[in-house]
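here is my input; please provide its structure:
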Amino acid sequence: MKKTLITLAVLAAATGVAQAQSSVVIYGTVDAGFVSERGGVNGTVNKVDSGIGSASRLGFKGTEDLGNGLSAIFLLESGFSVDNGQQDVSGTLFNRQAYVGLSSKTTGTLTLGRQYTPWYNTLSKVADPFAVGYAGSAKNLFPSNTRTSNTVMYASPSYNGFDGDIAYSTAANGNEDALSSKIGRKIGASAGYSNGPLNARLAYNNTSNDVRNGNVVAEQGSGRNWLAAANYDFAVAKAYVAYGVNKGFNSANRNNGTVNAFNYVSAAASTDSTTALIGATVPMGPAGTFMASVIHVNDKASANADANQFALGYSYALSKRTSTYASYAKISNKNNAGYTVGNNSNAGSGDQAFNVGVRHSF
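Reported below is the predicted structural model:
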């Protein structure tokens, strides 16, 4: 009996150690609401939509302690639409993120797979008071450069508030081409400082436009994006500011692609533009948050297809995991600019939109 108890105690201790050294977490977000879009060729569009504030998703992430401050990590994340239960990208499984890597407390983290770009992390986490969600999403006017496949990324640890990361994608949107390493290549990097109420970051993104033409590489330069962003928490309000510079072909593609959403042919995407944002979030009592931003696109190319967006939003936390929200945004397109008001997951169909919904995270 005594030996049995000792054996059970040893097994329990061993199990506890194993659990402390390795863990897998299942997480997700379920976000749905009502959306009313106006101003497009289809008139008023009313619908139930998914992923308005943040994309609906199901994910698995894990870590294993390898000792001496080194850990193995992985993340697999799939997107879906709550309104119809379908995958948000047909024929894919972990279309949002899928990577594996090693993380060291002293030397940083190296990951390989499908991941968010440094540029997008700067836009969503530092620049935008709407965190690229709701009707006021900065993705409506800023180039998104969201995520890339076939990516190797290194992120440094924080040194007295300073940190940086760099990413290299051999084929950002598909399979590598043996003809040239430039086909489909994307390079990104960012560096920032975060200390107390201040969070500031500078990001860069370079997208190669080279394509295969038979057995010859057609060199078409690259699209280049710079983004400087900062926010400062004054306690009574958090202020946001961002400024982006976009140069070259494919540097300023609209969130709705080449869709002609209005009763005119939309101007071609600019090859020389800047995008500026000012905004704020204001706490409203213990559970409410008011959001606002103004964004301006200055097209320096011959089309002069400028645009302005004005957005307001409100989120109310019912608990730590559940919130309700409402938001409104209006875009003024100039010279057939063609931008539409969308949200975190969809591009939208008109130049204004209102949405109200609920989001639950687990």
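
quick one: low-confidence parts of this structure?
When residues are selected by pLDDT under 70, those of the chain lie in 1-20.

how far off centre is the longest strand belonging to it?
For the chain, the strand that runs over the most residues, judged by DSSP state E, is strand 22-40. Strand 22-40 sits 13 Å away from the centroid of its parent chain (C-alpha atoms, centre = their mean, to the nearest Å).

now the end-to-end length of stretch 78-85.
Terminal residues of stretch 78-85 are spaced 12 Å apart (C-alpha to C-alpha, to the nearest Å).

okay, buried residues for it please.
Judged by neighbour count using 16 or more other C-beta atoms under 10 Å, the buried positions of stretch 78-85 are Ser78, Gly79, Phe80, Ser81, Val82. All C-beta atoms are positioned from the backbone trio N, CA, C, and that covers glycine.

could you dump the residues you listed into JSON lines with secondary structure added?
What follows is these, written out as JSON lines (DSSP: H, G, I helix; E, B strand; the rest coil):
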{"residue": "Ser78", "secondary structure": "strand"}
{"residue": "Gly79", "secondary structure": "strand"}
{"residue": "Phe80", "secondary structure": "strand"}
{"residue": "Ser81", "secondary structure": "coil"}
{"residue": "Val82", "secondary structure": "coil"}
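
can you add distance to Glu176 and give those back as CSV?
Shown next, in CSV, are the buried residues of stretch 78-85 (distance: C-beta to C-beta, whole Å):
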residue, distance to Glu176
Ser78, 24
Gly79, 24
Phe80, 28
Ser81, 30
Val82, 35
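
hmm, back to that, how about the longest strand of the chain: buried residues?
For strand 22-40, by 16+ other C-beta under 10 Å, it's Thr29, Val30, Asp31, Ala32, Gly33, Val35, Ser36, Glu37, Arg38, Gly39, Gly40.

how about that strand as PDB, C-alpha atoms only?
Provided in PDB are the C-alpha atoms of strand 22-40 (Å, rounded to 0.1, in the frame of the first residue of the first chain):
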ATOM      1  CA  SER A  22       4.300  22.200 -22.000                       C
ATOM      2  CA  SER A  23       0.900  23.700 -22.700                       C
ATOM      3  CA  VAL A  24      -1.700  24.000 -25.500                       C
ATOM      4  CA  VAL A  25      -4.400  26.600 -25.400                       C
ATOM      5  CA  ILE A  26      -7.600  26.700 -27.500                       C
ATOM      6  CA  TYR A  27      -8.800  30.300 -28.100                       C
ATOM      7  CA  GLY A  28     -11.100  32.200 -30.300                       C
ATOM      8  CA  THR A  29     -13.400  35.200 -31.100                       C
ATOM      9  CA  VAL A  30     -17.000  35.100 -32.200                       C
ATOM     10  CA  ASP A  31     -18.100  38.500 -33.600                       C
ATOM     11  CA  ALA A  32     -21.400  39.200 -35.400                       C
ATOM     12  CA  GLY A  33     -23.600  42.200 -36.000                       C
ATOM     13  CA  PHE A  34     -26.000  44.200 -38.200                       C
ATOM     14  CA  VAL A  35     -24.500  46.300 -40.900                       C
ATOM     15  CA  SER A  36     -26.100  49.000 -43.000                       C
ATOM     16  CA  GLU A  37     -24.100  50.300 -46.000                       C
ATOM     17  CA  ARG A  38     -25.100  53.200 -48.200                       C
ATOM     18  CA  GLY A  39     -23.800  55.200 -51.200                       C
ATOM     19  CA  GLY A  40     -22.700  52.400 -53.500                       C
END
